[in-house]
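[1] Sequence and predicted structure below; questions after.
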Amino acid sequence: MKTHRYFFEHITESISINKERRPFYCKLTNGKSEAGFRYLIALEILMVPSALFWDLCASYYQKNEIPFMRDELVSMNRTPIFDASKRTFPGKCPDIPWKIFQKKLKDALASKNSEEVVKCAVRIIGEMKSYPDYYPMTRHLVESILRFAWFCPQRIKEAQTKNLKNPKKLIFNLMNYHLIGFWFFVQIDRATSPVHAMGIPMLTSELPDLLNDLPVDHF
């Protein structure tokens, strides 16, 4: 099986889309979108070397016919899906207990139980439904952790079938890597909140629904 740089492609695709959409949102918001894009694109560029590292780790499994990273990562939405003429105004951006969310996820990951991580992420996403117009990047980060946890048992089983090294440690290391960026994603969302207060779903429109294909309702 040919190896793929799924993580690298995910990050570089996002950088490309954000650079492409940046002038559109700048004009639409009279420049209020610039702070959010500045932080986001800078963070994504910093992530490129680590994305290549994780892809290198994943290549061992891909060479052995296990599509690690393929289903865990989802392509971005290139075109914003919203009608600017029909926007609503959500009001002031609320504070969120992001440190508590981060701690809960850290504890769930420490359990080394992927189902516990999924349950924890589902609960946090449920809490975040109280403010659907804000914190899209933070929500996206939690959803991404959930996806890696969701596919973890499948990847372990695939590796066992082929007598390969258990990928569980690698997968949990990847999820812990997500947590390192938690504070940064919250800051991007805060920088973007003036745009969201205008009823413009910047970033929300570009981010895919990472739970759309996962039956997580029973958790």
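    It's in. Residues are numbered from 1 along each chain as shown.
[2] CA atoms only: put stretch 205-219 into CSV for me.
    Output of stretch 205-219 as CSV, limited to C-alpha atoms (Å, rounded to 0.1, in the frame of the first residue of the first chain):
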residue,chain,number,x,y,z
SER,A,205,-18.1,27.3,7.5
GLU,A,206,-14.7,26.0,6.6
LEU,A,207,-14.5,23.3,9.3
PRO,A,208,-16.1,19.9,8.4
ASP,A,209,-18.5,18.1,10.7
LEU,A,210,-16.2,15.5,12.2
LEU,A,211,-19.1,13.5,13.8
ASN,A,212,-21.3,13.3,10.7
ASP,A,213,-20.3,9.7,9.9
LEU,A,214,-19.9,8.4,13.5
PRO,A,215,-22.8,6.9,15.5
VAL,A,216,-21.9,8.6,18.7
ASP,A,217,-25.5,9.2,20.0
HIS,A,218,-25.5,6.2,22.2
PHE,A,219,-22.6,7.5,24.3
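[3] Pull out the buried positions in that stretch.
    Glu206, Leu207, Leu210, Leu211, Leu214 (16 or more other C-beta atoms under 10 Å). Every residue, glycine included, has its C-beta placed from N, CA and C.
[4] pLDDT on it, on average?
    Summarised as a single mean, pLDDT over stretch 205-219 is 81.
[5] from the buried residues of stretch 205-219, which single one is nearest Asn176?
    Using C-beta to C-beta, Leu210 comes nearest to Asn176 of the buried residues of stretch 205-219, at 18.2 Å.
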